[in-house]
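>>> coords below, sequence missing:
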């Protein structure tokens with residue numbers, strides 16, 4: 001039994017005032033009014049343009065909520081998700097079921113049925129005591145807990161918004177943005193590594209991302225940077241503003257040769273690393289440099305000194321590996337003052353944690369899902385961030401300039417486009433959610449899900465989610481009573497958006513338009529509007545102007561900066577026309593040329609030609625128009641020549 005959400009009613013809201021009915025485009029349009037005694041008067045009218053299975057047999061309906069920033073799109077969605085007082089109307093065939101949101105999942109057969117079969121608008125009145133009760137006198141709809149729709153919410157930015165993060169279909173426990181990124185990557189890898197699922201997805205999107213593993217690595221430290229830091233540690237840079245760098249280097253090398261100064265980190269440049277995994281060796285080198293810099297700061301501030309460098313007894317060794325660096329770190333820690341002293345050294349703690357972290361570093365730069373999950377569970381990335389934070393707070397970074405001390409970076413095996421990554425996040429989010437896959441109808445709210453999409457990906461959005469989300473759902477759906485067959489539950493999608501491409505894929509009756517004015521939002525009933533808003537198959541330009549409330553007139557779709565410049569040209573011409581009545585009038589030639597240069601930049605030919613005509617009137621000729629038209633003709637001729645014979 002598949003029920004779809006066709007309308008809902010908000011009794012009171014700061015943005016919508018008292019009583020707002022939102023229709024989503026079902027078989028009927030509903031109008032709900034709050035009576036003086038708080039009873040509800042409900043009428044419904046047949047949607048003569050409703051097409052069953054318009055979006056395919058697996059999608060019950062797709063609807064959109066449209067409005068400008070601050071109009072209340074997310075607020076509307078949250079009323080359905082979280083407000084127990086919201087009144088919901090579901091449809092199944094000719095039957096309509098009204099329920100108070102509070103009882104959506106707690107009742108078994110107590111939904112109120114409305115049976116109005118003729119095509120004219122009819123009304124029923126639901127008393128307040130009926131609405132507020134979960135034990136109705138007339139249970140008329142068999143709408144039990146097993147078959148009642150599941151409502152899920154997705155917002156790509158919910159993780160960083162405390163008000164909606166707990167409602168999101170994807171929930172992560174994370175202590176930093178970096179750990180959040182790793183969790184998202186894990187979800188994506190789980191989807192990509194599901195070969196059977198990907199095989200089905202690629203039937204729809206052949207170029208769907210193919211990453212099956214992640215890479216872990218880091219950028220190596222430049223040898224020149226290491227040498228400059230060593231100069232700073234040795235004190236050679238104290239007079240850097242007085243003598244040349246070449247002199248500094250010569251003085252430094254002489255001190256090292258005489259034994260007056262022993263290198264602390266530059267010795268790393270004089271040896272050849274033999275480790276096969278460059279990433280692991282690079283992070284070990286970074287940690288040694290970071291440790292030695294912190295020790296140097298503490299030597300200066302706490303008046304102690306290291307007697308000799310840990311590598312001193314191995315001067316003749318021509319190469320080194322990660323184990324050597326770990327050994328030198330441990331020795332460096334031993335050379336520091338004992339913990340029994342009054343000194344509380346950050347360096348001693350840092351080195352201990354660094355050695356532990358190096359030993360947990362992956363032995364292979366390629367990570368599968370399980371390996372990445374293990375790293376997160378072992379707090380590998382949190383421990384990494386602690387090391388990086390300790391280094392910065394120790395002021396040791398004052399010696400390093402712009403050197404890169406990010407220890408480990410994890411990412412997909414190849415870079416994804418913004419559209420690919422966003423779509424992948426949506427699908428993997430629903431794949432990871434245990435509730436999406438319960439054997440019941442699914443109602444999915446996708447809130448601003450196309451944020452960051454290129455127009456090419458905006459055009460794909462409705463097609464992508466209507467074809468791919470059922471694949472995810474069916475992949476997760478359990479067998480019924482041990483049978484291989486699966487109950488054909490449908491998915492309903494309701495999304496909020498700013499992009500016109502998605503809107504052009506929906507019948508206009510499936511779109512709820514929100515128009516905000518003076519902090520009050522009005523819900524436009526599109527099915528009753530004489531001048532209805534455009535949607536399905538409409539021109540994108542018309543959608544921007546008409547359905548997204550950008551403005552009216554020929555200039556409505558010009559950027560505000562461009563519009564300001566165009567208006568400036570018009571005002572200048574009008575002012576010159578007024579001045580022409582003066583006896584001593586003389587055309588401002590400099591201003592004329594400036595306005596002409598702006599007109600020549602305009603790529604809309606009609607506007608450009610009209611402004612040229614206005615400019616020509618100041619000189620009583622048609623020279624500017626002729627020049628503009630000739631340029632347009634040349635452009636058209638080039639296009640004609642480019643066409644194949």
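Arrived safely, thanks for sending. Just so we're clear, the structure is a prediction, and the values are computed from it rather than from any experiment.

>>> Nearest residue to the middle of this structure?
Nearest to the centroid of the C-alpha atoms of the chain, with distances taken as CA atoms, centre = their mean, sits residue 156, at 4.8 Å.

>>> Can you verify that one is assigned to a strand?
No - looking at residue 156 with DSSP: H, G, I helix; E, B strand; the rest coil, it is coil, so not inside a strand.

>>> got the contact list for it?
Contacts for residue 156 (CB atoms under 8 Å, 6 or more residues apart in numbering) come out as 422, 425-426, 448-449, 451-452. Every C-beta, even on glycine, is put in place using the N, C-alpha and C of the backbone.

>>> Apply 7 Å and report the result again.
Residue 156 makes contact with 422, 425, 449, 451 under the criterion CB atoms under 7 Å, 6 or more residues apart in numbering.

>>> List the contacts of residue 226.
Contact criterion CB under 7 Å, 6+ apart gives 265-266, 268-269 as the residues in contact with residue 226.

>>> again with residue 126
Remark: with contacts taken as CB under 7 Å, 6+ apart, residue 126 is in contact with 39-40, 42, 98, 112.

>>> Quick check: buried residues in stretch 81-91?
Within stretch 81-91, the residues scored as buried using 16 or more other CB atoms under 10 Å are 81, 83, 86-91.

>>> Can you add distance to residue 319, pLDDT and secondary structure and give those back as a markdown table?
What follows is those, written out as a markdown table (distance: CB to CB, whole Å; pLDDT from 0 to 100; DSSP: H, G, I helix; E, B strand; the rest coil):
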| residue | distance to residue 319 | pLDDT | secondary structure |
| --- | --- | --- | --- |
| 81 | 61 | 89 | helix |
| 83 | 67 | 88 | coil |
| 86 | 70 | 90 | coil |
| 87 | 75 | 89 | strand |
| 88 | 71 | 89 | strand |
| 89 | 75 | 89 | strand |
| 90 | 72 | 87 | strand |
| 91 | 74 | 86 | strand |
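
>>> can you name the two of those that are farthest apart?
Of all pairs drawn from these, the one with the longest distance (CB to CB) is 83 and 91, at 20.9 Å.

>>> separation between residue 344 and residue 337?
With the distance defined as CB to CB, to the nearest Å, residue 344 ends up 10 Å from residue 337.

>>> Between the two, which is the more surrounded one?
The neighbour comparison of residue 344 against residue 337 (other CB atoms under 10 Å) goes to residue 337, with 13 against 10.

>>> Using the three-state scheme, assign the more buried one.
If you use three-state DSSP, then residue 337 falls in the coil class.

>>> Next up, phi/psi of the residue nearest to the centre of the chain, please.
Torsion angles at residue 156 (phi, psi; degrees, to the nearest 10) stand at phi -60, psi -20.

>>> any idea how far it is from residue 423?
Distance of residue 156 to residue 423, given as CB to CB: 10 Å.

>>> Now do the same contact list for the nearest residue to residue 77 once chain neighbours are set aside.
The spatially closest residue to residue 77, leaving aside those adjacent along the chain, is residue 445, at 4.9 Å (CB to CB, 6 or more residues apart in numbering). Listed by CB under 7 Å, 6+ apart, the contact set of residue 445 reads 77, 81, 153-154, 494.

>>> Quick check: of the contacts of residue 156, which lies closest to residue 171?
Sorting the contacts of residue 156 by distance to residue 171 puts residue 425 at the head of the list, at 13.8 Å, by CB to CB.
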